[in-house]
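Asks: Sequence and predicted model, in that order:
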Protein chains: 2
Amino acid sequence: MDSCVCAALAARDYEVYALHCSYGQRTEDRECQAAHAVADRLGFRDFLRLRLDIFRRIGGSALTDLRIDVPEAPADGAAIGAEIPVTYVPFRNAHFLSAAVSWAEVLGARTVLIGAVEQDSSGYPDCRLAYYEAFQELIRKGTREGDIVVKTPLIHMQKWQIVALGLELAAPLDLTWSCYSGSEVACGVCESCVLRLRAFERAGAKDPIRYANRWAGPEAGETNQEGAA
Amino acid sequence: MDSCVCAALAARDYEVYALHCSYGQRTEDRECQAAHAVADRLGFRDFLRLRLDIFRRIGGSALTDLRIDVPEAPADGAAIGAEIPVTYVPFRNAHFLSAAVSWAEVLGARTVLIGAVEQDSSGYPDCRLAYYEAFQELIRKGTREGDIVVKTPLIHMQKWQIVALGLELAAPLDLTWSCYSGSEVACGVCESCVLRLRAFERAGAKDPIRYANRWAGPEAGETNQEGAA
């Protein structure tokens, strides 16, 4: 969802080349399908799917290591993000940004956008502004011209503000995929689904995607809230 | 050769997990074979071969794009390294280091070594000390504990000093592969071969590997020098 809203912002301001990384995350094919659909609807110039085999080979994250369970969100509504969760993929975003910067150098592109979110996210160290500032310095020192700029337009937004911005931009949120567990229909109970559903609720909007733990149809909201009360 | 000497230093001081990246460079299988042989002789704990498909897909470097010729070194002995060469692979070392740091986080390793060389190298921006200092800051900001240290023990050495250190450490230089072009026998004329041969000459030593443009056998040195005079 963050990537989609970031992509809609990019489409407003730039000619866009989209990079999608399949890094062994449980739902990589579903995510790639979603990313491709978003890129199509937004009319991007190109779409590059990269495959990174390192994370599945080294393990260490619930997202890529099938022996580690993806946790459900705390049932009592306790804060998510107090510590680095098992879904943290070690140093993941450095791989994504390195790929984007390499491609930007070849294309002659000057701007790399990434939908990272610091507040209201899950405590990943590579989603903080300070991390992107450090990456910017790395680009200054380690590229041919040193002039590629990394932008993180969502970094200080809360998830509900991202939903609101997405609605304002008519971003194709209906095509997005956030769930850590499912493959056809989002589970609605993993941390990522819960953060997403809370965000739509707080933005006063209905999430256009379907969830496995909810009735489809207009009465879904009431039924689900009774069940969870 | 730099990687081999760095590996020999690592073997002296640490339990070593070796990372080799096949990134679409022309000689990736030959390089991997050499790296594996070095790791075997030095008794490393593990050897991970990563495949990065990005560079062959985006192009932009003579090392990975077969449409761009690998240049020979200037015949008149002019300085190599005055500007960034066509063999520069855009932002390459960020991919290598990102992989090493990800793996280190999973292993609980605290040190990453890389045989980058600033002086006497080929003008690659991602071989400068300032680049590794920037990467160090990225690790501080973007990893779980922030305590992994990147070491570049060769960064301020000249190539001949690296050869001398390698001989001192009994590093398996006979197993290494430096050539940009060849696959069975090193070409002896590409920039990488020329830098290597000059280094052995200045260190007062004989390169233990074979070259395609030289006679095998004890008279090789004289014959070649006459031809190149």
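Replies: Looks like it arrived, so ask away.
Asks: which residues in chain A form strands?
Replies: Per DSSP state E, chain A has strands spanning A:17-22, A:46-51, A:111-113, A:149-151. These are given in chain order.
Asks: Make a markdown table out of the ones you listed and add mean neighbour count, distance to A:I162 and mean pLDDT.
Replies: The C-beta positions use only the backbone N, C-alpha and C, and glycine is treated the same way. Below are the strands of chain A laid out as a markdown table (neighbours: other Cβ atoms under 10 Å in any protein chain shown; distance: least, Cβ to Cβ, whole Å; pLDDT from 0 to 100):
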| stretch | mean neighbour count | distance to A:I162 | mean pLDDT |
| --- | --- | --- | --- |
| strand A:17-22 | 20 | 18 | 96 |
| strand A:46-51 | 16 | 22 | 95 |
| strand A:111-113 | 19 | 14 | 98 |
| strand A:149-151 | 16 | 15 | 98 |
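Asks: Chain B: which of these is closest?
Replies: The closest approach between chain B and any of the strands of chain A, judged by Cβ to the nearest Cβ, belongs to strand A:46-51 at 5.7 Å.
Asks: Tell me which other helices or strands that closest one touches.
Replies: Judged by 3 or more Cβ pairs under 8 Å, 6 or more residues apart in numbering or on different chains; DSSP states H and E, strand A:46-51 is in contact with strand A:17-22, helix A:28-42, helix B:54-58.
Asks: contact partners of that strand?
Replies: Counting contacts by Cβ atoms under 8 Å, 6 or more residues apart in numbering or on different chains, the residues outside strand A:46-51 that touch it are A:17-23, A:32, A:35-36, A:39, A:99, A:103, B:53-54, B:57-58.
Asks: wait, A:P172 sits on A:A35?
Replies: No - in this structure A:P172 lies outside contact range of A:A35 using Cβ atoms under 8 Å: 10.7 Å.
Asks: Can you pick out the residue with more neighbours from those two?
Replies: When A:P172 and A:A35 are compared on other Cβ atoms under 10 Å in any protein chain shown, the one with more neighbours turns out to be A:A35, at 23 against 20.
Asks: distance of that one from chain B?
Replies: Spatial separation of A:A35 from chain B under the definition Cβ to the nearest Cβ, to the nearest Å is 16 Å.
Asks: And A:W103, by the same measure?
Replies: 5 Å.
Asks: ok so, going back, which among the strands of chain A is found nearest to B:Y180?
Replies: strand A:46-51 (24.7 Å; Cβ to Cβ).
Asks: Could you list which residues are in contact with the closest residue to A:H95 other than its chain neighbours?
Replies: By the measure of Cβ to Cβ, 6 or more residues apart in numbering or on different chains, the closest residue to A:H95 outside its immediate chain neighbours is B:S98, 4.9 Å from it. Applying Cβ under 8 Å, 6+ apart, one finds that B:S98 lies in contact with A:F91, A:A94, A:H95, A:S98.
Asks: hang on, the first one packs against B:V101?
Replies: Yes - counting by Cβ under 8 Å, A:F91 does reach B:V101; the two are 4.7 Å apart.
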